[in-house]
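Student: All I have is the shape, not the residue letters:
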């Protein structure tokens with residue numbers, strides 16, 4: 001199951017979050033766990049059980065509210081288990097992975113923060129054997145237990161993506 005909600009968020013809100021994330025001093029290289037440093041990517045935890053970055057959390061919640069109001073309410077409750085931002089570019093091939101295996105009621109939401117991101121730059125969302133291009137302002141809702149990754153990025157421009165783990169409406 002994947003659902004793309006188009007044009008649900010203001011590009012200026014995405015740009016503000018991107019700018020403030022870039023300025024943060026809390027980036028780390030813990031993910032993916034169990035991989036060598038060469039295979040890891042920069043990640044910024046905004047909410048991880050508790051709020052890690054207060055101002056960023058406020059902007060992130062406003063983004064999630066927009067996704068919820070534009071159709072997400074059919075899929076999730078806005079109860080955030082995790083929210084983070086990742087940076088990737090052409091120098092790093094993404095790993096196909098799953099998330100939230102220990103949380104059966106979780107669903108993920110993903111969007112690109114770069115308001116100028118172009119489809120020919122790559123970095124789409126690979127899910128269940130298919131690549132989905134997310135235009136700036138689009139967000140996808142998906143089951144994180146299905147293997148997924150970022151499509152190969154073809155530029156050295158840094159692509160920032162925000163992901164949320166929230167409570168699914170349809171618990172299976």
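Tutor: Yep, that arrived. What you see is a predicted model; the values in this text were computed from it and never measured. Numbers count the residues shown, from 1 in each chain.
Student: Just to be sure, residue 141 is in a strand?
Tutor: Yes - residue state for residue 141 (DSSP: H, G, I helix; E, B strand; the rest coil) corresponds to a strand.
Student: so what's it closest to, chain neighbours aside?
Tutor: residue 3 (4.5 Å; C-beta to C-beta, 6 or more residues apart in numbering). Any C-beta I mention is one placed from the backbone N, CA and C, and that applies to glycine too.
Student: Is residue 62 within a helix or a strand, and which one?
Tutor: helix 54-69 (DSSP states H and E).
Student: helices or strands up against that helix?
Tutor: Counting contacts by 3 or more C-beta pairs under 8 Å, 6 or more residues apart in numbering; DSSP states H and E, helix 54-69 packs against helix 11-22, strand 41-48, strand 76-88, strand 106-112, strand 139-142, strand 159-168.
Student: for the ones you listed, which one sits closest to residue 30?
Tutor: Proximity to residue 30 (C-beta to C-beta) singles out strand 41-48 among the helices and strands packed on helix 54-69, at 6.7 Å.
Student: got the buried residues for the closest one?
Tutor: 41, 42, 43, 44, 45, 46, 47 (16 or more other C-beta atoms under 10 Å).
Student: model confidence over it, on average?
Tutor: Strand 41-48 carries an average pLDDT of 95.
Student: name the helices or strands packed onto the helix or strand bottoming out on mean pLDDT in the chain?
Tutor: Within the chain, no helix or strand scores below strand 28-31, which has a mean of 91 by mean pLDDT, DSSP states H and E. With contacts taken as 3+ C-beta pairs under 8 Å, 6+ apart, strand 28-31 sits against strand 41-48.
Student: What pairs with the strand it packs on, parallel or antiparallel?
Tutor: strand 28-31 (antiparallel), strand 50-51 (antiparallel), strand 76-88 (antiparallel) (DSSP bridges).
Student: between the helices and strands packed on helix 54-69, which one is nearest to residue 149?
Tutor: strand 76-88 (9.9 Å).
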